[in-house]
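Chemist: sequence isn't available, so here's the structure alone:
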């Protein structure tokens, strides 16, 4: 052990950063974002809040459609009332025709790369050929007097040319008539909506969305959001009120966005009674329509039609599900002053999982998300079981997770179902209410929602095996080939590893902010401010970045730059460790330490081997020994004690306490190998095997992003040091996180090996 005097110890404490330089190089991660963010203005201020001049458009819909259960077709009309709240005169309007992604000559199919092999499965050939010819068939576009309005269709976008400019503050009404064929998700390339056919009983289950031409967003920061829909990046929509009538076979049950306004026309007396009972049941779901009743409807199919009438206020979209195969359960949820109905519909194939979990998970999700954002404002939240899809709409979500035909299920199926329900119900908050632009910034809804999904999963079960946003789960992606990795701040259609880029990395980043960088109190307050400030509005990434800093007093420009605008991984290494103590002049302490150090030095290898082979001369002939063979040079003498007493007489009480404190000064040299800076979480293990954790903010790197040193003042001697012991920072190489250096099998890989898929134990 190296010993230094008092003066040297003080220098080490106060002069560690002199060599780092006083300049800020261009690559310094702590420089301000500057021109990467848009200039604050009257619409969006520098605090990340809506400005005093903020505005947004509005679109109200009256929709009347028919679902043809024999031809699997939807047809109908809609009347759109479009309100121009912008300061601009509009000469044309843009609408989204998302079903056109299923046209044989769609933009998505033309721009999708493909390849083929000598041996190729038929379903893959069908995908390449794009055999399903879907898409909207627009029959009329006219004003309410029946006068045709000129329009132009550009793949998934339709422009309506107005006869007169729509001035600020004015509104325009027009009617569109249309029809389209419903896609079979099993045969026609999946999709966010469509149908599932059950051959055993010749019935269909419909989960229908994007079923009407929808107004595009016109905003202060982008104008018209009219990027083509190719099937991946989702939607940007204005808010409005919906009045929707849907005609379906009489024996169908239906779930939809909004409130059913004619329940007595479409529900039986027993269903109405059960539903009324569910409205006051906050503990367990009430069965509204049973499995036995579903089997009866499946057997005796009715062709007579009935119209379900729904209304929804201040929503950005509308979706519904319809089938005679549905089981239905519901329970009430109290959130603040709001009483919401959590409800599920699922076919018999969903049980026993769905009856046990679905509605309870819906209620749990609403409570957790409301606690971290704002009280859920809508009257209902539906979870609808489908074969494999997970997709969200206001007040309704389509969720997968199906048991085996014998009713058993794997652990993976269970947790997957719970996870997808939390995720899709959670989308009611992001982006259905905090209405970000999914087409441009996928991470703003998927990433934020996946982060809160992880919060809700951990709250559901402390032993959840795979909660979303866990830092160690992003390591494989972060240490991958950079040619396949894009920054988060890139349009989703340009990303190769879409799930990791739009879901995992942003959600992990938020988890690191909450648990490691900001702390829960500061993060939760700022995150709630963002959600409440932008509920029922259109935020941008700049607004999120600014409000998280403004509400917390934490400068996060370095984090946004590295984690969102960059692709560098976290790989911080312990480069070296030096241990210092104050040199004590107490002869008892000094001599004892010197003796321990001397005795700790091993004999040279030649002496070790000689001891085993033969006796030395001194051992064979004791008379060769003299005074110095018996002399203890470390023994404390009277002279040593007197000298120490005279030394103490010259010191103040404060100086005496300092030199006898027994403190250890440990200098650790850190190297930023990966490029992304992070806080330092350092675990010390003392010689008595107790441990202590020190947390150093990321700003330790502000003068030098590559190498820094830090002195830690400890109460005892240490035997080891570990960096990031709880795997908080997504460090891609834990092998260089230890002192003394040791071989560490990757805990990330070990975890993955242990989590390999297992057969279904229930079977």
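Modeler: Right, received. Where do you want to start? Owing to the predicted nature of the structure, the values given are computational and were not obtained by experimental measurement.
Chemist: which residues touch residue 398?
Modeler: Applying Cβ atoms under 8 Å, 6 or more residues apart in numbering to residue 398 gives the contacts 192-193, 207, 209, 319, 321, 384, 386, 389-392, 424. The way it works is simple: take the backbone N, C-alpha and C, and place the C-beta from them, glycine included.
Chemist: per-residue pLDDT, the residue nearest to it when sequence neighbours are not counted?
Modeler: For residue 398, ignoring the flanking residues on the chain, the nearest one in space by Cβ to Cβ, 6 or more residues apart in numbering is residue 207 at 4.4 Å. Confidence at residue 207, expressed as pLDDT, is 97.
Chemist: sec struct for residue 207, please.
Modeler: strand (DSSP: H, G, I helix; E, B strand; the rest coil).
Chemist: among the contacts of residue 398, which ones are in strands?
Modeler: 207, 321, 384, 391-392 (DSSP state E).
Chemist: make JSON lines out of the residues you listed and add distance to residue 407 and neighbour count.
Modeler: What follows is these, written out as JSON lines (distance: Cβ to Cβ, whole Å; neighbours: other Cβ atoms under 10 Å):
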{"residue": "207", "distance to residue 407": "23", "neighbour count": "30"}
{"residue": "321", "distance to residue 407": "23", "neighbour count": "25"}
{"residue": "384", "distance to residue 407": "20", "neighbour count": "31"}
{"residue": "391", "distance to residue 407": "26", "neighbour count": "22"}
{"residue": "392", "distance to residue 407": "28", "neighbour count": "25"}
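Chemist: biggest separation within those residues, which pair?
Modeler: Put simply, by Cβ to Cβ the two of those set farthest apart are 321 and 392, 12.8 Å from each other.
Chemist: which of the residues in stretch 303-310 are buried?
Modeler: Buried residues in stretch 303-310, counted by 16 or more other Cβ atoms under 10 Å: 306, 308-310.
Chemist: from these, which ones fall inside helices?
Modeler: Using DSSP state H, no member of the buried residues of stretch 303-310 falls in helices.
Chemist: residue 366: which of those is nearest?
Modeler: After measuring the buried residues of stretch 303-310 against residue 366 - Cβ to Cβ - the closest member comes out as residue 310, at 19.9 Å.
Chemist: OK, contacts around the nearest residue to the closest one once chain neighbours are set aside?
Modeler: Once flanking residues are discounted, residue 310 sits nearest to residue 258: 4.2 Å by Cβ to Cβ, 6+ apart. Each residue near residue 258 by Cβ under 8 Å, 6+ apart is listed here: 242, 244, 310-313, 315, 318, 380, 395.
Chemist: count the residues that sit near residue 199.
Modeler: Using other Cβ atoms under 10 Å, residue 199 is surrounded by 6 other residues.
Chemist: same check on the one 3 residues further on?
Modeler: Residue 202: 9 surrounding residues under other Cβ under 10 Å.
Chemist: check residue 665 too.
Modeler: Neighbours around residue 665, by other Cβ under 10 Å: 19.
Chemist: hang on, the earlier thing: between the ones in strands among the contacts of residue 398, which is closest to residue 249?
Modeler: residue 321 (13.8 Å).
Chemist: from memory that closest one sits against residue 384, does it?
Modeler: Yes: counting by Cβ atoms under 8 Å, residue 321 does reach residue 384; the two are 4.4 Å apart.
Chemist: switch the contacts of residue 258 over to JSON lines; also include distance to residue 729.
Modeler: Output for the contacts of residue 258, formatted as JSON lines (distance: Cβ to Cβ, whole Å):
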{"residue": "242", "distance to residue 729": "45"}
{"residue": "244", "distance to residue 729": "48"}
{"residue": "310", "distance to residue 729": "47"}
{"residue": "311", "distance to residue 729": "48"}
{"residue": "312", "distance to residue 729": "43"}
{"residue": "313", "distance to residue 729": "44"}
{"residue": "315", "distance to residue 729": "39"}
{"residue": "318", "distance to residue 729": "42"}
{"residue": "380", "distance to residue 729": "41"}
{"residue": "395", "distance to residue 729": "38"}
